[in-house]
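Undergrad: Task: produce atomic coordinates for the following.
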Amino acid sequence: MGAARSNRDIAAELFIATKTASVHVSNILGKLGVASRGEAAATAHRLHLFDSGEA
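TA: This is a model prediction of the structure:
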C-alpha cells in the first residue's frame with residue numbers, strides 16, 4: 001500500500017502550498033464520504049482504486 005504522507009510531504013512533492021494540499025485532501029475525504037485518511041485508504045482499497053503495480 002502507499003506510504004502515509006503528511007500535508008507538508010504532499011505539498012513538497014507536488015510543489016504546492018501546504019494549505020492547498022490540505023484542501024485537496026479534505027476534498028478527497030469528502031468525495032469518498034469518510035472522516036480520516038485511514039478510512040479513505042480502506043475505501044480506496046475496497047473500490048480497487050490502488051494501482052497494483054502489476055503490468
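Undergrad: the bottom helix or strand of the chain by mean pLDDT?
TA: helix 37-46 (a mean of 93; mean pLDDT, DSSP states H and E).
Undergrad: What residues sit buried inside that helix?
TA: For helix 37-46, a neighbour-count test (16 or more other C-beta atoms under 10 Å) marks 40, 41, 44 as buried. For every residue, glycine as well, the C-beta is placed using N, CA and C.
Undergrad: Stretch 19-31 too?
TA: 21, 25, 29.
Undergrad: Residue 12 versus the residue most central in space within the chain, what's the distance?
TA: The residue lying closest to the centre of the chain (C-alpha atoms, centre = their mean) is residue 25, at 6.0 Å. Noted for residue 25: a distance of 14 Å to residue 12, by C-beta to C-beta, to the nearest Å.
Undergrad: Show residues contacting stretch 42-49.
TA: Residues from elsewhere that reach stretch 42-49, judged by C-beta atoms under 8 Å, 6 or more residues apart in numbering: 1, 32, 33, 34, 50.
Undergrad: if you skip the residues just before and after it, what's nearest to the fourth one?
TA: So that's residue 34. Take residue 34 and drop its neighbours on the chain: the residue closest to it by C-beta to C-beta, 6 or more residues apart in numbering is residue 40, 5.0 Å away.
Undergrad: Hmm, residue 27 and that neighbour touching each other?
TA: No - counting by C-beta atoms under 8 Å, residue 40 does not reach residue 27; the two are 11.2 Å apart.
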